[in-house]
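Q: Here is my input; please provide its structure:
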Amino acid sequence: MSPDTPGDTPAETVTPALLRGISEDLRAGPLDAPEALKLVWSGLCLARLLGLRLGAVDGRWGQRQRNAESVEHQLARDFGTSATFTGTALALPGDALPRPLAADEVDGALDALVEFSAAARQRMLATAPKAAQWHDERVLRHDSLVMGELGAAWLGNRASYRVDRSR
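A: The predicted model follows:
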């Protein structure tokens, strides 16, 4: 899977280790705005697929997954307004219900999701001032806050979010 083709990975093959790899890439070396946005988008798609597997474990994780899904849709909508993704139809993967994670994978998945949220937020904030395009800078700055909400949703720190799919 490349940052340009984030939806090519079946949910069943997404593991915490795969998402941790994206988090490590986000923390490594400098990236320009388009590279950062593409890598964060790729990670967001993996986080969604891993989150769907975690959400299928039980009702508690299902509620957190629905909260995270609202944040994911907001991020997808906002990323679509960036200069980097002009002319690209961004769609989150994972409409089918995947196989739940095994009980011994739950803690690792939660850690990987929260770690990704933090690494993506940090990369977005660090990259925003260097963006050549205003629309990329705007998305990197604004959505760094939204990315932080993704981690909060998985930690259960927010009672609920609302998906606005009317746009």
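
Q: Going by C-alpha atoms from here, please, whenever you check contacts or count neighbours.
A: OK.

Q: measure the residue nearest the centre of the chain to residue 58 for me?
A: The residue lying closest to the centre of the chain (C-alpha atoms, centre = their mean) is residue 44, at 2.2 Å. Note on residue 44: its distance to residue 58, by C-alpha to C-alpha, to the nearest Å, is 22 Å.

Q: Any buried residues in stretch 32-41, and which?
A: By neighbour count on 16 or more other C-alpha atoms under 10 Å, the buried set for stretch 32-41 is 33-41.

Q: Show me where the protein has its helices.
A: Applying DSSP state H to the chain gives helices spanning 16-27, 33-55, 59-79, 106-127, 134-155.

Q: hmm, back to that, got a list of what the residue nearest to the centre of the chain touches?
A: residue 72 (C-alpha atoms under 8 Å, 6 or more residues apart in numbering).

Q: Which residue, neighbours along the chain excluded, lies closest to the residue of the chain positioned farthest from its centre?
A: Largest separation from the mean C-alpha position in the chain: residue 132, at 23.2 Å (C-alpha atoms, centre = their mean). Nearest non-adjacent residue to residue 132, counting by C-alpha to C-alpha, 6 or more residues apart in numbering: residue 33, 7.5 Å away.

Q: Would you confirm that the one you found contacts residue 130?
A: Yes: counting by C-alpha atoms under 8 Å, residue 33 does reach residue 130; the two are 7.1 Å apart.

Q: Could you name every residue contacting both of those two?
A: Shared contacts of residue 33 and residue 130, defined by C-alpha under 8 Å, 6+ apart, are found at residue 137.

Q: Residue 105: how many residues sit nearby?
A: Using other C-alpha atoms under 10 Å, the number of residues around residue 105 comes to 13.

Q: who touches it in this structure?
A: Residue 105 makes contacts with residue 16, as judged by C-alpha under 8 Å, 6+ apart.

Q: Alright, calling it a day.
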